[in-house]
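1. Let's see this in three dimensions:
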Amino acid sequence: MKNLISKIFITLIFIIIVSCSSLNDSMDEQYINIHMHYGFQNEVNTFTDKLTKDLVLDGTITVDFSFTTEEQFRIEEMIYLYNFYSLSDSIRYIPIDSISAVESPNPGIQFLRVKHNDKDKIVYWSYPLPNNNEGKSILEIYNFIREIIESKPVYQNLPESKGGYL
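-> Numbers count the residues shown, from 1 in each chain. Alright, predicted model coming up:
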């Protein structure tokens with residue numbers, strides 16, 4: 001009888017441990033931290049595990065957020081593929097002639113901060129982006145991270161934005 005009780009107790013402990021570890025899967029440890037401000041008031045910040053969505057007329061909504069280990073790995077690959085740590089601190093369009101380009105509505109200064117191991121870099125940009133390697137690189141990284149964010153159920157369950165910017 002004691003042997004049976006011991007086996008039941010060990011089984012229960014095992015189930016509890018497995019349950020706790022599967023709960024942690026939804027909030028994977030962030031070994032690469034991302035802080036990205038994009039659009040007008042959209043922001044992801046895995047330093048604080050938060051995501052803010054711009055609802056335009058309805059203000060903003062902020063929820064808990066993190067990337068899975070697999071998503072972080074994919075972001076890390078993209079960061080190194082496009083040499084993020086070698087990019088200029090500020091990327092901006094410089095017209096060749098006296099004609100300047102303007103994006104309307106202008107979302108203002110955007111930024112991406114990435115901290116991984118001993119590297120910590122922030123890149124600022126505004127639109128329009130230059131048609132060079134740096135402009136293309138930051139746009140690829142930005143679009144990649146944004147696609148991951150918008151594919152996650154936590155984002156898809158947020159309210160739709162109402163209205164727009166002029």
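2. CA atoms for contacts and neighbours, from now on please.
-> Noted.
3. Residue ranges in this structure under the pLDDT threshold?
-> Applying pLDDT under 70 to the chain flags the ranges 1-27, 98.
4. what are the ranges of the helices in this structure?
-> 2-24, 69-81, 133-151, 153-156 (DSSP state H).
5. Tell me the buried residues in the shortest one?
-> Taking 16 or more other C-alpha atoms under 10 Å as the neighbour-count basis, helix 153-156 is seen to contain the buried residues residue 155.
6. what residues does that helix touch?
-> 65, 149-150 (C-alpha atoms under 8 Å, 6 or more residues apart in numbering).
7. Same check on the third one?
-> Contacts with helix 133-151, where a contact means C-alpha under 8 Å, 6+ apart, come from 71, 75, 78-79, 82-84, 87-88, 91-92, 112, 129-130, 155-156.
8. Just the buried residues of the residues you listed.
-> For the contacts of helix 133-151, buried by 16+ other C-alpha under 10 Å: 75, 78-79, 82, 84, 87, 91-92, 112, 129-130, 155.
9. In TSV, list these along with distance to residue 137.
-> Converted to TSV, the buried ones among the contacts of helix 133-151 look like this (distance: C-alpha to C-alpha, whole Å):
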residue	distance to residue 137
75	13
78	9
79	9
82	5
84	8
87	8
91	10
92	13
112	12
129	10
130	10
155	25
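10. any idea which of the residues you listed is closest to residue 46?
-> Distance to residue 46, by C-alpha to C-alpha, is smallest for residue 112 among the buried ones among the contacts of helix 133-151, at 11.7 Å.
11. returning to what we had before: ok, so of the contacts of helix 133-151, who is nearest residue 54?
-> Taking the contacts of helix 133-151 together and measuring to residue 54 by C-alpha to C-alpha, the closest member is residue 155, at 11.5 Å.
12. Provide the contact partners of stretch 82-92 at residue level.
-> 79, 119, 121-130, 134-135, 137-138, 141.
13. how about a cut-off of 10 Å?
-> 76-80, 109-115, 119-131, 133-138, 140-141 (C-alpha atoms under 10 Å, 6 or more residues apart in numbering).
14. Verify the contact between residue 127 and residue 38 for me.
-> No - judged on C-alpha atoms under 10 Å, residue 127 makes no contact with residue 38 at a distance of 11.2 Å.
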